[in-house]
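In: I need the structure of the sequence given here:
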Amino acid sequence: MAMSPSETPIPYRELVALADRLLEESDEDETRLARGLESADPALRNELLVSDLLNAYQAFYYFFRAVPDSLVRERMELEPASALASGLKIDEIELLEMVFIVRDGKPVIVISDGKKAIVTFSGRNAYADGLKYLENPEYS
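Out: All right, here's what the predicted structure looks like:
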């Protein structure tokens, strides 16, 4: 993650303490975890959402408040959120791939043909927009 010269890295122990507290308080409930992340310091939250302390599904749920199908969810639960900094393929329909990326603390969904990006969606509705595109790419 690129930092401006005035930013100092967040001590790892602070991230671990925050992650431990949020995970304990949420008791594996993704809605409570998302609420806890919302109330966290933005700099800490942004670091945590692309760290090895959360899994990709927890970050996905925080950004989109959506539960994908069980295979997609399971795939994300097995990957650390740190994979989201470079992008994680979360779904595939026919010849198109859906990749979830976190850039500058914002969620991005990229639909690609496996070689190049075809369309990019960002923000809270990016996942829903990406699903609509995958269902009807010729009409989007």
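In: then the helix with the most length in the chain to CSV, C-alphas only?
Out: Ordering each helix of the chain by length in residues (DSSP state H) puts helix 12-26 first. The C-alpha trace of helix 12-26 is given here as CSV (Å, rounded to 0.1, in the frame of the first residue of the first chain):
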residue,chain,number,x,y,z
TYR,A,12,1.0,-4.2,13.6
ARG,A,13,0.2,-4.8,17.2
GLU,A,14,-2.5,-2.1,16.9
LEU,A,15,-4.0,-3.9,13.9
VAL,A,16,-3.9,-7.3,15.8
ALA,A,17,-5.5,-5.7,18.9
LEU,A,18,-8.3,-4.2,16.8
ALA,A,19,-8.9,-7.4,14.8
ASP,A,20,-9.0,-9.5,18.0
ARG,A,21,-11.4,-7.2,19.6
LEU,A,22,-13.7,-6.9,16.6
LEU,A,23,-13.7,-10.7,16.0
GLU,A,24,-14.4,-11.5,19.6
GLU,A,25,-17.2,-8.9,19.9
SER,A,26,-18.8,-10.1,16.6
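In: could you give me the average pLDDT of it?
Out: The pLDDT scores in helix 12-26 average 96.
In: What of stretch 111-125?
Out: So the average pLDDT for stretch 111-125 ends up being 96.
In: and it, which residues are buried?
Out: 111-112, 121 (16 or more other Cβ atoms under 10 Å). Every residue, glycine included, has its C-beta placed from N, CA and C.
In: possible to save the residues you listed as TSV with distance to Leu54 and secondary structure?
Out: Shown next, in TSV, are these (distance: Cβ to Cβ, whole Å; DSSP: H, G, I helix; E, B strand; the rest coil):
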residue	distance to Leu54	secondary structure
Ile111	24	strand
Ser112	25	strand
Phe121	22	strand
